[in-house]
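Asker: compute the structure for the input listed below.
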Amino acid sequence: MTTSFKKLIACATMAVVAIAALSSCAQSDPPAPYGPVPTESQMEWQKMEMNMFTHFGPNTFTGREWGLGTEAEDIFNPTGLDCLQWASVAKAAGFKGIIITAKHHDGFCLWPNPESTHTVASSPWKDGKGDVLEELSEACSAEGLKFGVYISPWDRNDPHYGTPAYNDVYVKTLESVHDGRYGKVFEQWFDGANGEGPNGKKQVYDWPRFHETVLRLQPQAIMFSDVGPGCRWVGNESGIAGKTNWSRLDIEGFTPGAGSPPTDTLNQGNAAGKEWVPAETDVSIRPGWFWRESENSKVKSLNDLLGIYYTSVGRNSLLLLNVPPDTTGRLNPVDSARLMEFSAALGSIFKEDYARGAKASASATRGRKFSASNILDGEYDSFWAAPDAVCDATLTFKLKGTKTFNRILIQEYVPLGQRIRSFRIEAVTPEGKWLPIADGTTIGYKRIVLTDDVTTDAVRISVNGFAPPVINAFGLFHDTIYSE
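Answerer: Residues are numbered from 1 along each chain as shown. Modelled structure (predicted):
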């Protein structure tokens, strides 16, 4: 063998090794993000899964849903306000935060807002020295919950409403809550309601300025509205996110309120939306949002609440459940008892995961670091990923014995974007035949698929993505409580 030929062989061998090394390196990296992705704050928010809404104010005492703004301040006088009770009940129920109506459309402020005289400072409650936001923020801190506020831009009391000067008033109002006196605010709820002012004109809201104010003072806060930018209204108040639910949304040209996208778009999102604006599903435990004695017998049943859980958290949305305090300033015993039932039921349903101990395999895998076994390790940031250019894949889970289940949990690793557009689930028969048991479109942060009882020792999921799919959790559970 000539010296030249030996050199040629050596060079060729080195080239093959180099190519293999580069290929191995590429497959050891996670897939590139697909489309818009959540911020760190949006991921923290999504992982909360369930928060409590609490509507409280003059309407609690008048029985109205929307106050007139002309109510005398002395109507607000809770006899035993106990925010620690709210927080302890919320924590026991499994909520991670509380959002309070600091100012509803009537303009009454539950804190001594220096921009208004229509506040707790003008009420007889605690001789005008009380501050509901202070008490609730401290109670949330004591119970390890996050604190959020609803501050309606509409104000039926402020004389400036309907003029450019009102935007200045509203900005200062936001500043008086977000300046740090109440600690960190995890969510600012903007309502798009927009009525006429004393001059007969509707206010032209300066949304960019409102957003900038919150961002400047509370950069981690998620801002809610029909178009985000942090999270979006789900399009209804029934507790139902779309069976197809993208966390992506096109917001250009839209505004909160009358200028929002169609409700079906809010319910489903946009598959190719340019912004990450996940859905928040707000619904009340009662027929109304504010407490009324006449509705004590109309609190949603346990079955209702479980159904709402499946159509919100189970459909890639966060659940914001309204539980309003009564005129004493405490959560009513009927509501509290129902929440405890709800929490106990969820604990029972999801206590035993029948996928635990299963062996996972995949039709294609992006290197050893992203093996199918990662799906079952319980670590959020550990996931299976398909190789580049592989958008269709199948995952098979060989269970530890024969199991019976009717709830299937799947989680997409959304820090890399929402990538999966459809899925099909099958179970194997004793004869070895695969039978379809469910199918669907989006998965997102969390999808809980409801099925009839299925008894099998293996489950197979086929996914189709816009980009190579990534999945970080799978579980099988048996619900004997909820009935559709």
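Asker: just the strands in the stretch 51-200 of the chain please.
Answerer: Taking DSSP state E, counting those that start in this stretch as the test, the strands found in the stretch 51-200 of the chain are 97-103, 146-151, 187-189.
Asker: leaving out the residues flanking it, which one is nearest to residue 39?
Answerer: Distances taken as CB to CB, 6 or more residues apart in numbering put residue 276 closest to residue 39, at 7.5 Å, once the chain neighbours are dropped. C-beta coordinates here come from the backbone N, C-alpha and C atoms, glycine included.
Asker: of all the strands of the stretch 51-200 of the chain, which lies closest to residue 38?
Answerer: strand 187-189 (14.5 Å; CB to CB).
Asker: tell me the pLDDT of the most centrally placed residue in the chain.
Answerer: The residue lying closest to the centre of the chain (CA atoms, centre = their mean) is residue 318, at 2.3 Å. Residue 318 carries a pLDDT value of 98.
Asker: I'd say the residue nearest to residue 39 and residue 250 touch.
Answerer: No - the criterion here is CB atoms under 8 Å, and residue 276 misses it with residue 250 at 11.6 Å.
Asker: wait, residue 250 touches residue 277, no?
Answerer: No - the pair residue 250 / residue 277 is not scored as a contact, 9.2 Å apart, by CB under 8 Å.
Asker: looking at these two, which is more packed in?
Answerer: For residue 250 and residue 277, the more surrounded residue by other CB atoms under 10 Å is residue 277, and the numbers stand at 29 against 16.
Asker: phi and psi next, for the more buried one.
Answerer: Backbone geometry at residue 277, expressed as degrees, to the nearest 10, gives phi -140, psi 80.
Asker: residues contacting it?
Answerer: Counting by CB atoms under 8 Å, 6 or more residues apart in numbering, residue 277 makes contact with 227, 228, 229, 230, 231, 232, 247, 248, 249, 251, 269.
Asker: tell me which element the residue nearest to the last one when sequence neighbours are not counted falls in.
Answerer: Spatial nearest neighbour of residue 269, chain neighbours left out: residue 246 (3.2 Å); criterion: CB to CB, 6+ apart. Assigning secondary structure by DSSP states H and E places residue 246 outside every helix and strand.
Asker: neighbours around residue 246, how many?
Answerer: Residue 246: 24 surrounding residues under other CB under 10 Å.
Asker: wait, doesn't it sit right on residue 266?
Answerer: No - using CB under 8 Å, residue 246 makes no contact with residue 266, being 11.0 Å away.
Asker: not counting sequence-adjacent ones, nearest residue to residue 211?
Answerer: Closest to residue 211 by CB to CB, 6+ apart is residue 223, at 6.1 Å.
Asker: other SSEs contacting the host helix or strand of the one you found?
Answerer: Assigned by DSSP H and E, residue 223 falls within strand 222-225. For strand 222-225, the packing partners by 3 or more CB pairs under 8 Å, 6 or more residues apart in numbering; DSSP states H and E come out as helix 40-48, strand 187-189, helix 207-217, strand 231-233.
Asker: rewinding a little: what's near enough to touch the residue nearest to the centre of the chain?
Answerer: Residue 318 makes contact with 45, 46, 48, 49, 50, 51, 231, 278, 279, 280, 281, 312 under the criterion CB under 8 Å, 6+ apart.
Asker: do you know how far the second one is from residue 247?
Answerer: According to CB to CB, to the nearest Å, residue 46 and residue 247 sit 8 Å apart.
Asker: anything in contact with each of these two?
Answerer: Common neighbours of residue 46 and residue 247 (CB under 8 Å, 6+ apart) are 38, 278, 414, 445.
Asker: now stretch 396-409: mean pLDDT?
Answerer: 98.
Asker: which parts of it are buried?
Answerer: Judged by neighbour count using 16 or more other CB atoms under 10 Å, the buried positions of stretch 396-409 are 396, 397, 399, 403, 405, 406, 407, 408, 409.
Asker: residue 375: how many residues sit nearby?
Answerer: Neighbours of residue 375 (other CB under 10 Å): 27.
Asker: okay, it: pLDDT?
Answerer: Residue-level pLDDT assigned to residue 375 equals 98.
Asker: likewise residue 19?
Answerer: 33.
Asker: try residue 8
Answerer: 36.
Asker: please renumber so the chain begins at 39
Answerer: New numbering, starting at 39: the last item is residue 46.
Asker: which SS class is residue 391?
Answerer: Residue 391 falls in the coil class when you classify it by DSSP: H, G, I helix; E, B strand; the rest coil.
Asker: which stretches of the protein have low pLDDT?
Answerer: Scanning the chain for pLDDT under 70 picks out 39-65.
Asker: my guess is residue 324 contacts residue 338. True?
Answerer: Yes - between residue 324 and residue 338 there is a contact under CB under 8 Å: 7.4 Å.
Asker: hang on, the earlier thing: of all the helices and strands packed on strand 260-263, which one comes closest to residue 490?
Answerer: helix 78-86 (29.4 Å).
Asker: now the angle from that closest one to strand 184-189?
Answerer: 100 degrees (axes from the mean of the first three to the mean of the last three CA atoms, to 10 degrees).
Asker: and the contacts of helix 78-86?
Answerer: For helix 78-86, contacts defined as CB under 8 Å, 6+ apart pick out 76, 134-135, 184, 224-225, 258-260, 268-269, 314, 316, 356, 418, 452-453, 483.
Asker: one more time with 10 Å, if that's ok
Answerer: Residues from elsewhere that reach helix 78-86 (CB atoms under 10 Å, 6 or more residues apart in numbering): 75-77, 89, 133-135, 183-184, 186, 224-225, 256-260, 262, 266-269, 285, 314-316, 318, 354-358, 418, 452-453, 482-484.
Asker: one step back: and which of the contacts of residue 356 is nearest to residue 148?
Answerer: Among the contacts of residue 356, and counting by CB to CB, the member closest to residue 148 is residue 89, at 18.1 Å.
Asker: kindly list the longest strand within this protein.
Answerer: What stands out as the longest strand in the chain, according to DSSP state E, is strand 430-450.
Asker: show me what that strand is packed up against.
Answerer: For strand 430-450, the packing partners by 3 or more CB pairs under 10 Å, 6 or more residues apart in numbering; DSSP states H and E come out as strand 397-400, strand 422-423, strand 458-466, strand 472-478, strand 485-503, strand 508-515.
Asker: nearest to residue 191, out of those strands?
Answerer: Ranking these by proximity to residue 191 (CB to CB) places strand 485-503 first, at 34.1 Å.
Asker: okay then, goodbye and thanks.
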